[in-house]
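[1] with the input below, show me the fold.
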Amino acid sequence: MRIDTLWCMTIFTMKKPVLIFSFLLLFHLVYAQTTEICLSCEQLKNLQLPDVTVIKAEARTSDSTLNITVPFCHVLGRISKEINFELLLPIHWNGRFLMSGGGGFVGSIQNNLRHYVNQGYATAGTDTGHKGEGTSAEWALNNMERQLNFGRLAIHRTAVVSKSIVTSAYCTAASYSYFLGCSRGGGQAMVEAQYYPEDFDGIVAGAPAFSWPAIGAKFLSACQMLYKDGKPIVTNDHLKLVQEHILKQCDRADGVVDKIINDPRACSIDLSKIPVCPNGQGAANCLTKDQLDFFKSIYQPLSIDGNEIYPGFPVGLEAEPGSWDVWITGPNPNIRNGVSLHYLFGTNMYKYLVFNDPTWDYKDYDFKTYTDDTMYAASYLDATQTDYNAFKAADRRMIIYHGWNDPALSAYSTIQHYEAAQKKDSNLSSHIRLFLLPGVLHCGGGPGPDRVDWVQQIQLWVEKGIAPEKIVLSKFENGKPLMTRPVYPYPLMTIYTGKGDVNQEQNFKPLKN
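    Below you'll find the predicted structure:
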């Protein structure tokens, strides 16, 4: 049975008009019109595009490794010397182009949107111009072309080339183009919005890494305090101790005791109440002065000569698996050398993108020359411009989201950026909206609900003018739904009404901070 037939059967067995409307609208957006591919895959190999090589164009009926169940054309290509990209073209196309961002230092073709080919979308991804592990930047050493491709050019060039191939393949241009990415992909999304607003009609930027040298400085300053004699001074027992202390003070603030702090700013933490180890001897149930200073440094901004470089991290979920144990403190057996991801990203960033010196040692760096040291790297890595007038003039839309308890990138940094943009445009929410996800870690995970179809959300806003006034997130465990919660556009926060099942979104309401 065709999927559109199943959708229609589902719609007409529903009783609630709102659900019927939502399903009909989504059906119209995805399935109402399709265009068949007009060039064979074999013909796509012969396309003549400037500075582009089509390496492979192969017809497939499906591909389980790519999670694609419909006939499509698999295109692999190269732009210039080494920007490799993948383009997936469904035989029956819905007229839309999706491009996926990459994570970390990328280094391989990444496309988290491949499964959308099953719904008729053409999708693309790129390695951003180099090969390597996602936690290593060795490829960048003294290579300006690779640095610029990674920081500023590869996503834009891949978008332009991919859309050109799409036009050739279907004998018509895409009606709408979208970009979605998280972490480095979220930073790529902001590069597109700030520097190439004509590329995409709609953009979703998740947990965006958009101020690279500042992020690295925050990482390294913490690592200088964390690692003594090559080993971290903080253990998982200490993380549990601090998290328990914080939850006792903050968990009830939103009306529900569930390890989810809806707005960490609403709770003032007094770390001095945590037991101090006698005689400076470390133990699992207390903190030494050095350990306490380390925790404080994570929650506090990094400032140089009185100027804030990067904000602190929100409190909460320090001991959640996949949180601080992976990103901030380590040691993690699944990570190279057992160190934290902050260490890997911070040291690699400064060795290969800032100083171009693989022997550079972070231990004694005092940050006094930070501005001069990072000026070049920031010029092509950062997406910190807060003037979105060109994006607005192009009639584009962007959704930014960030997990409140992201241990990789501070949600406060994204808030600061959004508030700075609001100062330049009091009507910023007409085209850009920010959503903060309580209890969610980096790009997902944690006790908070983290699942939503961001493609649908941005598509409704762009194509139907339905701005996201409320986004309902879901939490699943072993494929089964556990809870739903709403999030509202910043600065609105979410609070329990005091009545009803705390696992049902209708029992929560917006609260203006």
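
[2] domain-wise, how is the chain divided?
    For the chain, the structural domains run 1-32, 35-211+385-512, 214-380, going by automatic domain parsing.

[3] any chance of those domains in TSV, with mean neighbour count and mean pLDDT too?
    The C-beta positions use only the backbone N, C-alpha and C, and glycine is treated the same way. Shown next, in TSV, are the domains of the chain (neighbours: other C-beta atoms under 10 Å; pLDDT from 0 to 100):
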stretch	mean neighbour count	mean pLDDT
domain 1-32	12	42
domain 35-211+385-512	20	97
domain 214-380	17	94
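
[4] so who does residue 330 touch?
    Counting by C-beta atoms under 8 Å, 6 or more residues apart in numbering, residue 330 touches 232, 338-340, 343.

[5] likewise for residue 123?
    So residue 123 contacts 87-88, 97-100, 111, 113-114, 116-117 (C-beta under 8 Å, 6+ apart).

[6] same question, residue 159
    Residue 159 neighbours (C-beta under 8 Å, 6+ apart): 99, 124, 177, 179, 192, 196, 199-200.

[7] residue 152 and residue 143, how far apart?
    Residue 152 sits at a distance of 14 Å from residue 143 (criterion: C-beta to C-beta, to the nearest Å).

[8] equivalent analysis for residue 460, please.
    The gap separating residue 460 from residue 143 is 42 Å, by C-beta to C-beta.

[9] ok, residue 312 next?
    As for residue 312, its distance to residue 143 is 34 Å (criterion: C-beta to C-beta).

[10] try residue 155
    18 Å.

[11] got it, and residue 459?
    38 Å.

[12] same question for residue 162.
    24 Å.

[13] residue 388 now?
    Look at residue 388 and residue 143: by C-beta to C-beta, they are 31 Å apart.

[14] show me where the stretch 1-150 of the chain has helices.
    Per DSSP state H, counting those that start in this stretch, the stretch 1-150 of the chain carries helices over the ranges 3-12, 17-31, 41-44, 144-148.

[15] who are the packing partners of the third one?
    Using 3 or more C-beta pairs under 8 Å, 6 or more residues apart in numbering; DSSP states H and E as the contact criterion, the secondary-structure elements in contact with helix 41-44 are strand 52-60, strand 72-79, helix 154-170.

[16] residue 350 against residue 220, yeah?
    Yes: in this structure, residue 350 is within contact of residue 220 by C-beta atoms under 8 Å, at 6.7 Å.

[17] give me the common contacts of those two.
    Counting by C-beta under 8 Å, 6+ apart, the contacts common to residue 350 and residue 220 are 362, 365.

[18] residue nearest the middle of this structure, spatially speaking?
    For the chain, the residue nearest the mean C-alpha position is residue 182 (1.8 Å; C-alpha atoms, centre = their mean).

[19] residue contacts, the spatially closest residue to it that is not a sequence neighbour?
    Nearest residue to residue 182, sequence neighbours excluded (C-beta to C-beta, 6 or more residues apart in numbering): residue 206, at 3.3 Å. By C-beta under 8 Å, 6+ apart, the contact set of residue 206 is 180-183, 185-186, 189, 400-402, 443, 454.

[20] so of the residues you listed, which ones are in strands?
    Of the contacts of residue 206, the ones assigned to strands by DSSP state E are 180-182, 400-402.

[21] so who does residue 412 touch?
    Counting by C-beta under 8 Å, 6+ apart, the residues that residue 412 touches are 311-314.

[22] wait, a helix at it?
    Yes: checked against DSSP: H, G, I helix; E, B strand; the rest coil, residue 412 lies within a helix.

[23] measure it to residue 101 for me?
    Here residue 412 is placed at a distance of 22 Å from residue 101 (C-beta to C-beta).

[24] same check, this time on residue 359
    Noted for residue 359: a distance of 32 Å to residue 101, by C-beta to C-beta.

[25] so of the contacts of residue 159, which ones are in strands?
    The subset of the contacts of residue 159 located in strands under the criterion DSSP E comprises 99, 124, 177, 179.

[26] so can I have a markdown table of the residues you listed showing distance to residue 226?
    Output for the ones in strands among the contacts of residue 159, formatted as a markdown table (distance: C-beta to C-beta, whole Å):
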| residue | distance to residue 226 |
| --- | --- |
| 99 | 37 |
| 124 | 39 |
| 177 | 43 |
| 179 | 35 |
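
[27] need phi/psi at residue 423.
    Reported as degrees, to the nearest 10, the phi and psi values for residue 423 are phi -70, psi -30.

[28] tell me where the stretch 351-500 of the chain has strands.
    Remark: strands assigned in the stretch 351-500 of the chain by DSSP state E, counting those that start in this stretch are 397-403, 432-437, 471-477, 480-487, 492-496.
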